[in-house]
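Asker: Based on what follows, work out the 3D shape:
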Amino acid sequence: MIGTMLRELAQARGQAKISVLKRYNKEEIKTFLVYTYDTGFVYHIKPGPIEVMQCFDRTEPLHMDEITLLESLHRKKITGNVARDAVTRVASAHGLLIKLILARDLKCGVAATTINKAMPGLIPQFKAMKAKEVPLEKVVFPCYAQLKYDGVRLITTIKRNVVTFRTYNGKVVNLPKMAKTLVGYIDNVMLDGEITIRGGKMADRTSVSSMINSAMHGGRILEDKLEYAIFDCMSVGDFEATRCREPYTYRYRDAAAIVETIDSPLVAIARNQIVNSPIEVEALAKQLYTDKMEGLILKHPAHMYTFKRSKDWVKIKETKTADLTVLSVEEGKGKYQGMIGALVCSGKVEGQNITVEVGSGLSDAQRMLSPDYFIDETVEVKYNSVILNTKTYLWSLFLPRFVCVRFDK
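Answerer: Model prediction:
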């Protein structure tokens, strides 16, 4: 049954995937999906090479041996070579499906969001506050102008001296040196910030994204090159309850005090200053662009952490970018025949629901990847403006350019 579902999901596109999942709304399937996509299960191991088609031949539900192994890996009852040997034994006895689960990717173009549309509430969703794009003339002054670091959003919980790093959609990141830096100084705290190559400039986006992607899959990275710029904090209890009881002025003050206590080059407080008008914002942003920084996030001093996208955080960026979901791919023509020609993407940009094909910016190596590498993933796309396609009468983007896959989203 599992293999049949995976084959059907791989062949389906868009909303059809939800229909497939609804047909397989059974407890054994739910267990399988939870072990794969619930980011609360951390396995601390790389799965190794996978022959996906063998997984699609699977007929029986998860075997108790597989469930026992997943629980042992999650609880760190086995690690290192012992863990790798156990994975090899279980895969030999029951097939390679265990490796897809460990990779957190079933190679059929689904994600937790898609699963929850078919099976509401099955996969726990990690909630964090996000910025909106709002015209500068609608911003209420005075407000904070905070440096927009060009890296990967990282939310940290420190609870009973256990440090857990997650991207803002809940994927766990393995940063042992950073964790050692934090533990012992503070407890029962949530820290929200951006992890960057030290300095946080735009040219480093691809590098830091690749490093964090590696760390998410159990890889060891050179953490000494990183800096965690913290811009918010609250108690773990409040964060887990999705409530906020203090205005930002106090939360930022507390975050600064925490950073001062830690006193490590791996951790910094986000650069922040008060601005009183659009003219001050534009002057500050112009200087940042000259310094190769991405821009600013404007924040109202009294705002509360809302655990969703909010106009209390306003992006100010020189180059417009959008985070879009890849629905499908179009085959290339000419020299790109048999490869990916363009990514068919959709999302909400500047208040409009847009659909756009993005081919510019893809390297030859990326065009040769399997479509599953992109489908259902979030990609960052540069563009000049939102336009109305005069042929389809659908909203699209003018001069879209692929930047990267946002593995943290």
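Asker: ok, now how distant is the closest residue in space to Ile340 that isn't next to it in sequence from Glu357?
Answerer: In space, Ile340 comes closest to Arg367 once its chain neighbours are excluded; the distance is 4.5 Å by C-beta to C-beta, 6 or more residues apart in numbering. C-betas here are computed from N, CA, C, even on glycine. Distance, Arg367 to Glu357, using C-beta to C-beta, to the nearest Å: 14 Å.
Asker: With Tyr248 instead?
Answerer: For Tyr248, the distance to Glu357 - C-beta to C-beta - is 40 Å.
Asker: do Val162 as well
Answerer: For Val162, the distance to Glu357 - C-beta to C-beta - is 45 Å.
Asker: Neighbour count: these two, which is higher?
Answerer: Taking neighbours as other C-beta atoms under 10 Å, Val162 and Glu357 compare with Glu357 leading, 16 against 10.
Asker: burial of Asp105, as a residue count?
Answerer: So Asp105, with other C-beta under 10 Å, has 21 neighbours.
Asker: per-residue confidence for it?
Answerer: Looking at Asp105, its pLDDT is 84.
Asker: Give the closest residue to Leu296 in space, chain neighbours not counted.
Answerer: Closest to Leu296 by C-beta to C-beta, 6+ apart is Ile316, at 4.1 Å.
Asker: Now that neighbour, what are its backbone angles?
Answerer: Backbone torsions for Ile316, taken as degrees, to the nearest 10, come to phi -120, psi 110.
Asker: Surely it and Met293 touch.
Answerer: No - using C-beta atoms under 8 Å, Ile316 is not in contact with Met293, being 11.0 Å away.
Asker: what about stretch 272-290, distance to the chain center?
Answerer: How far stretch 272-290 lies from its chain's middle: 28 Å, per C-alpha atoms, centre = their mean, to the nearest Å.
Asker: now what about that stretch, what contacts it?
Answerer: Contacting residues not belonging to stretch 272-290 are listed as 136-137, 139, 141-147, 231, 252, 294-296, 298, 301, 316, 318 [C-beta atoms under 8 Å, 6 or more residues apart in numbering].
Asker: Out of the residues you listed, which sit inside helices?
Answerer: The members of these that map onto helices under DSSP state H are Tyr252.
Asker: Mind giving me the PyMOL select for the contacts of stretch 272-290, buried ones only?
Answerer: This is how PyMOL selects the buried members of the contacts of stretch 272-290, with burial counted by 16 or more other C-beta atoms under 10 Å:
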select buried, resi 139+143+144+145+146+147+231+252+294+295+296+298+316
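Asker: measure the closest residue to Val172 other than its chain neighbours to Thr36 for me?
Answerer: Distance criterion C-beta to C-beta, 6+ apart; nearest residue to Val172, sequence neighbours excluded, is Val42 at 4.8 Å. As defined by C-beta to C-beta, Val42 lies at a distance of 13 Å from Thr36.
Asker: likewise Leu388?
Answerer: Per C-beta to C-beta, Leu388 is found 40 Å from Thr36.
Asker: What ranges in the protein fall below the confidence cut-off?
Answerer: For the chain, the stretches with pLDDT under 70 are 52, 200-206, 390, 409.
Asker: care to break it down by domain?
Answerer: Domains of the chain are assigned by automatic domain parsing as 2-118, 130-317, 320-405.
Asker: These: which one's closest to Pro124?
Answerer: Nearest to Pro124, of all those, is domain 2-118, at 6.0 Å by C-beta to C-beta.
Asker: is it fair to say Thr355 lies in a strand?
Answerer: Yes - checked against DSSP: H, G, I helix; E, B strand; the rest coil, Thr355 lies within a strand.
Asker: Setting aside sequence neighbours, what's the nearest residue to it?
Answerer: Closest residue to Thr355 apart from its sequence neighbours, by C-beta to C-beta, 6+ apart: Ser346 at 4.8 Å.
Asker: Same question for Asp65.
Answerer: Leaving aside its sequence neighbours, Asp65 sits nearest to Val90 (C-beta to C-beta, 6+ apart; 5.5 Å).
Asker: my guess is that neighbour meets Ile98, correct?
Answerer: Yes - between Val90 and Ile98 there is a contact at 5.4 Å, judged by C-beta under 8 Å.
Asker: which neighbours do these two share?
Answerer: If you check Val90 and Ile98 against C-beta under 8 Å, 6+ apart, the residues they both contact are 66, 69.
Asker: neighbour count winner among those two?
Answerer: The residue with more neighbours, out of Val90 and Ile98, is Ile98; 28 against 20, by other C-beta under 10 Å.
Asker: Run through the residues that contact that one.
Answerer: Ile98 neighbours (C-beta under 8 Å, 6+ apart): 47, 66, 69-70, 87, 90-91.
Asker: Now the element after the helix or strand in which it is found, going C-ward?
Answerer: Assigned by DSSP states H and E, Ile98 belongs to helix 97-103. Sequence-wise, the next helix or strand downstream of helix 97-103 (DSSP H and E) is helix 112-118.
Asker: Quick check: neighbours of the next helix or strand after that following helix in the sheet, parallel or antiparallel?
Answerer: Remark: after helix 112-118, the chain's next helix or strand is strand 130-132, criterion DSSP H and E. Paired strands of strand 130-132, with direction, are strand 309-317 (parallel) (DSSP bridges).
Asker: Which residues are in contact with the residue nearest to Asp65?
Answerer: Val90 sits next to 65-66, 69, 98 when contact means C-beta under 8 Å, 6+ apart.
Asker: now the residues you listed in TSV, with distance to Pro265 and secondary structure?
Answerer: Formatted as TSV, these follow (distance: C-beta to C-beta, whole Å; DSSP: H, G, I helix; E, B strand; the rest coil):
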residue	distance to Pro265	secondary structure
Asp65	45	helix
Glu66	43	helix
Leu69	39	helix
Ile98	40	helix
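Asker: Would you mind checking these for buried ones?
Answerer: Those of the contacts of Val90 that meet the buried threshold are 66, 69, 98, by 16+ other C-beta under 10 Å.
Asker: Reformat those as CSV; add distance to Lys22.
Answerer: Formatted as CSV, the buried ones among the contacts of Val90 follow (distance: C-beta to C-beta, whole Å):
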residue, distance to Lys22
Glu66, 25
Leu69, 29
Ile98, 26
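Asker: I'd like to know how many residues surround Gly80.
Answerer: Neighbours of Gly80 (other C-beta under 10 Å): 9.
Asker: secondary structure class for the residue lying closest to Glu350 once chain neighbours are set aside?
Answerer: Of all residues not flanking Glu350 in the chain, Val386 sits nearest, at 4.8 Å (C-beta to C-beta, 6+ apart). Under three-state DSSP, Val386 falls in the strand class.
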